[in-house]
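Asks: I would like the atomic coordinates for the input below:
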Amino acid sequence: MDSKNLASYSYFIIFILITFLEVLFCTFVYGATPEISSIEPNWGRPDQETNIVIKGSNFESGVKAALYGGGPFVKGSASTLSLTWNVFTSENFAYVATSKGLEIFDISNPGNPTKVANCNIPGTRDVFVSGEFAYVAASSAGLKVVDIGSVITNPPAVLELTVLGEYDTPYSAEGIYVAGKYAYVADGGSGLQILDISDPTSPVKTDSYNTPGLAYGVSVAGDYAYVADDLSGLQILDVSDPANILYKGTYDTPGRAYRVAVKGNYAYVADYDEGLQIINVSKPDNPSFAGACNKIKYAEDVYVDNNYAYVAGSGPGFSVVDIADPANPVIINSVDTITGTGIHFSGKFAYMTAGSGLLAIDVTISDNPSITGVYDALELATAVAVSGSYAYAASADSGLHIINIADPANPSFVGACSIPDAVVHNIYVAGNYAYVADGVNGLRIIDITNPAAPYIADTLDTPGTAYDVYVVGNYAYVADDSEGLHVVDIFNAAGPTIVGSELSTQTTTSFRRVHVAGDYAFVLDYQTAVLYKINIALPESPNVIGWCLVDFAGDIFVDGNYAYIATGGYGLQVVSITGTLSVIGEVDTPGMAYGVYVVGDYAYVATSYAGIQVVDVSTPSSPILVGACNTSGYAGDVKVTDSNIFVADGVMGLQILEPFSLCTDVNLIDSETVSAAVPAGYPIGGYDMYLVNPGGEMDILNNGYVVSFTPPNQPMRPSFAGPLLLLLLGD
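Replies: Prediction:
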């Protein structure tokens, strides 16, 4: 071996050695990630303690186990060649309509969908499978028929399919439904087209009906075709004679009707910006409004199964709506994904198109038992406070609502106070008053002596923009954005006055969050991401005595010697506030951390679309995630009592959650076995099992444990290796 090759070989050996040492270092310093394979037994009664054994690998001494959250979850995903529009499932296959054509996936293992065929059809918008043929709505190219017989009988590695037959519709084929020997095509500006597909190689038009809007979706039930007609709502057409379509009735939905599903006497319309609209079609010539769930933003598709409607859209991407009472549909759970565009079912899985991918969502368990109650009368809940048997929830446009929470499972409206031109950012309740930081309107003081009839006692027009307020004794401390911190004398609620103010020590000031502890106010500056410690011993002369940089100024909670900071996309930071202020610990959280509240050893972090994340802060320098509960909206604020967690959840209003608690008597048997006890008292439902090593490494077995009076089927970890939630996006 010459010297040049010898040197190259030596460098290679050194590289391999360094890589090995790095892996070894990470394993010993950071610990290995645990993996749960099973729980025995995987269920227990709500009225008694249950001893369980958790099997898996990489368990370490000091491991913690907890049950929290539950409900639908993404079990598997696959990438597509381009943006997806819709999906149809049949047997073990998912047929995906993408911008570049039809892609077919084997879904016999939902945890790992595998592509088995492509058919190049540019402009594909929708697909319907009947027998050995896939009928494709291909926008300007009309209807395409694809022979899928070879895929069904013997799936190859990846088969390139060709178009067998076609029909060029007049406008743009956007949606399709097949019944018997007819294909019903929603053809945009040309309305409904009916094609005879007795000979799939040569479809023939039997008749058409030009609806008043743009036909995007169609569903057929009995003698009627139900057309989602964009701004013209739902159109009902008599198709009992496919050669002679007759107009029957219409219902003008408030939004843009994109897709429709029909079950029994009801049509369920994905009405885009107006969410899910439910129309009574028992009298096709006179359809009438039945109910609506407009908490879903931009509903794009809907699938109905039993008493549930599954909606693809955004905010969140996948929603489960209980439609047992069509007049009162309620979102009971959701999965936060990128915008969903199409949805179909196979077994216990919902298959949804999103972005450039296909998601397999396990809906075996629809309810989230950790959510105790919901109050969704607010348009957009931004802040919440709790005092006694009442929760005080505020929104930017609905003012202040007072809610009776004596029975957390059934929160009820008590009273409301309209706030003119409201831009509510936060709220604090003390005694008989609610103090509202109302943006450019300043500080509102609302008399809540009679909860059924609250009223504005006075308004202090602060010079800046009031973002937050904290009350101690006779003083309210207002974070007033560019005008700094104001100390407000509230001894006379009808005549509040500013007695002292303080700006930041930087060139700009943007105070937006404040928490008071003892003689100090801790204030977050939004623009500079600085935490200030301000001496308020003399209310007339507050002064900055210390500061430190944080990653982002989202929210603050002070407990003992520490300040806990919600830092947006960075998660949670812990700051020591004794002596020189300094960040001593941090943990990344999913979502965007906008709110935080600390009780005992746990910090509850409101993380927008990722719901509530629970962080163990028993060792402040080493905070670790130990649990989570997905809320249906966007968690922006959180307050905690001994028995409940209260979340301002955006469009979903006030959500009330069960408190977090660890399993008891957790013992490490060996690296593959942990024993624990599940205490009595958990509500009935399916729970995620969280297992966390001392270094913070975590694994989650979704719906791994069920609380029930009867044993369920055993959920097991899917056989493929990889993360549980994975979106693979194509180019």
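Asks: where do the domain boundaries of this protein fall?
Replies: 34-70+659-731, 74-93+170-362, 371-658 (automatic domain parsing).
Asks: got those domains as JSON lines, with mean neighbour count, distance to Cys119 and mean pLDDT columns?
Replies: Bear in mind the C-beta positions are built from the backbone N, C-alpha and C, glycine included. Formatted as JSON lines, the domains of the chain follow (neighbours: other Cβ atoms under 10 Å; distance: least, Cβ to Cβ, whole Å; pLDDT from 0 to 100):
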{"stretch": "domain 34-70+659-731", "mean neighbour count": "17", "distance to Cys119": "16", "mean pLDDT": "85"}
{"stretch": "domain 74-93+170-362", "mean neighbour count": "22", "distance to Cys119": "11", "mean pLDDT": "95"}
{"stretch": "domain 371-658", "mean neighbour count": "21", "distance to Cys119": "35", "mean pLDDT": "95"}
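Asks: I'd like to know which of those domains is closest to Ala137.
Replies: Of all the domains of the chain, domain 74-93+170-362 sits nearest to Ala137, with 3.8 Å by Cβ to Cβ.
Asks: what's the span of the closest one from first residue to last?
Replies: Its start and end residues considered, domain 74-93+170-362 measures 6 Å (Cα to Cα, to the nearest Å).
Asks: just give me how far it sits from the chain centre.
Replies: Centroid displacement of domain 74-93+170-362 relative to its chain, using Cα atoms, centre = their mean, to the nearest Å, is 22 Å.
Asks: before we move on, what about stretch 496-516?
Replies: Worked out by Cα atoms, centre = their mean, stretch 496-516 lies 34 Å from the chain centre.
Asks: hang on, the earlier thing: any chance of the domains of the chain in a markdown table, plus distance to Gly111?
Replies: Shown next, in a markdown table, are the domains of the chain (distance: least, Cβ to Cβ, whole Å):
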| stretch | distance to Gly111 |
| --- | --- |
| domain 34-70+659-731 | 3 |
| domain 74-93+170-362 | 4 |
| domain 371-658 | 20 |
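Asks: nearest to Ile104, of those?
Replies: When the domains of the chain are compared by Cβ to Cβ, domain 74-93+170-362 sits nearest Ile104, at 5.8 Å.
Asks: check which helix or strand Asp301 maps to.
Replies: In the assignment (DSSP states H and E), Asp301 maps to strand 297-305.
Asks: quick check: which element contains Ser150?
Replies: helix 149-153.
Asks: buried residues in that helix?
Replies: 151-152 (16 or more other Cβ atoms under 10 Å).
Asks: next one: it to chain centre, how far?
Replies: Relative to its chain's centre, helix 149-153 lies at 37 Å (Cα atoms, centre = their mean).
Asks: strand partners (parallel or antiparallel) of the helix or strand just after it?
Replies: Per DSSP H and E, helix 149-153 leads on to strand 159-161 as the next helix or strand towards the C-terminus. Using DSSP bridges, strand 159-161 pairs in its sheet with strand 114-120 (parallel).
Asks: run the angle between the very next helix or strand once past the strand it pairs with and strand 114-120 for me.
Replies: Reading on from strand 114-120 to the C-terminus, the next helix or strand found by DSSP H and E is strand 126-130. On the basis of axes from the mean of the first three to the mean of the last three Cα atoms, to 10 degrees, strand 126-130 is oriented at 110 degrees to strand 114-120.
Asks: so what's the gap between strand 126-130 and the chain middle?
Replies: Using Cα atoms, centre = their mean, the mean C-alpha position of strand 126-130 is found 29 Å from that of the whole chain.
Asks: which ones are touching Tyr247?
Replies: Applying Cβ atoms under 8 Å, 6 or more residues apart in numbering to Tyr247 gives the contacts 209, 235, 237-238.
Asks: quick check: Phe660 touching Gly627?
Replies: Yes - Phe660 lies in contact with Gly627 (Cβ atoms under 8 Å); the separation is 5.3 Å.
Asks: hey, what's in contact with both of the two?
Replies: Residues touching both Phe660 and Gly627 (Cβ under 8 Å, 6+ apart) are 66, 68, 614.
Asks: bridging residues for the second one?
Replies: Meaning Tyr68. Beta-bridge partners recorded for Tyr68 (DSSP bridges): Asp688.
Asks: the closest residue to Glu540 other than its chain neighbours pairs with what?
Replies: Distance criterion Cβ to Cβ, 6 or more residues apart in numbering; nearest residue to Glu540, sequence neighbours excluded, is Gly500 at 4.5 Å. Bridge pairing for Gly500 (DSSP bridges) gives the partners Val487.
Asks: please renumber so the chain begins at 45
Replies: New numbering, starting at 45: the last item is Gly544.
Asks: hang on, the earlier thing: check which element follows the strand holding Asp345 along the chain.
Replies: Beyond strand 341-349 on the C-terminal side, the first helix or strand identified by DSSP H and E is strand 352-358.
Asks: that following strand - contacts with which helices or strands?
Replies: If you count contacts as 3 or more Cβ pairs under 8 Å, 6 or more residues apart in numbering; DSSP states H and E, strand 352-358 packs onto strand 310-314, strand 341-349, strand 362-366, strand 384-390, strand 393-398.
Asks: how far does stretch 522-529 sit from the chain's center?
Replies: For stretch 522-529, the distance to the chain centre is 32 Å (Cα atoms, centre = their mean).
Asks: in the stretch 445-594 of the chain, which spans are strands?
Replies: 456-461, 470-474, 477-481, 487-491, 499-504, 512-516, 519-523, 529-533, 541-546, 555-561, 564-569, 574-579, 587-593 (DSSP state E, counting those that start in this stretch).
Asks: dump the ones you listed to a markdown table, plus distance to Ser400.
Replies: A markdown table is the format used below for those (distance: least, Cβ to Cβ, whole Å):
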| stretch | distance to Ser400 |
| --- | --- |
| strand 456-461 | 44 |
| strand 470-474 | 39 |
| strand 477-481 | 42 |
| strand 487-491 | 47 |
| strand 499-504 | 50 |
| strand 512-516 | 41 |
| strand 519-523 | 42 |
| strand 529-533 | 48 |
| strand 541-546 | 51 |
| strand 555-561 | 37 |
| strand 564-569 | 38 |
| strand 574-579 | 40 |
| strand 587-593 | 38 |
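Asks: quick one: which of these is nearest Ser143?
Replies: Proximity to Ser143 (Cβ to Cβ) singles out strand 555-561 among these, at 42.3 Å.
Asks: look up phi and psi at the nearest residue to Asp212 once chain neighbours are set aside.
Replies: The shortest distance from Asp212 to any non-neighbouring residue, by Cβ to Cβ, 6+ apart, is to Gly186 (4.1 Å). Note on Gly186: its backbone torsions stand at phi 80, psi -140 [degrees, to the nearest 10].
Asks: Gly635: what secondary structure?
Replies: The assignment at Gly635 comes out as coil when based on DSSP: H, G, I helix; E, B strand; the rest coil.
Asks: how near is it to Arg89?
Replies: According to Cβ to Cβ, to the nearest Å, Gly635 and Arg89 sit 34 Å apart.
Asks: now do the residue nearest to Glu584 against Ile534, distance only.
Replies: 13 Å.
Asks: follow-up on the earlier one: got a list of what the residue nearest to Glu584 touches?
Replies: Residues near Gly544 by Cβ under 8 Å, 6+ apart: 530-531, 580, 582-586.
Asks: distance of it relative to Asn485?
Replies: Gly544 is 21 Å from Asn485, where distance means Cβ to Cβ.
Asks: I am finished for the moment; much appreciated.
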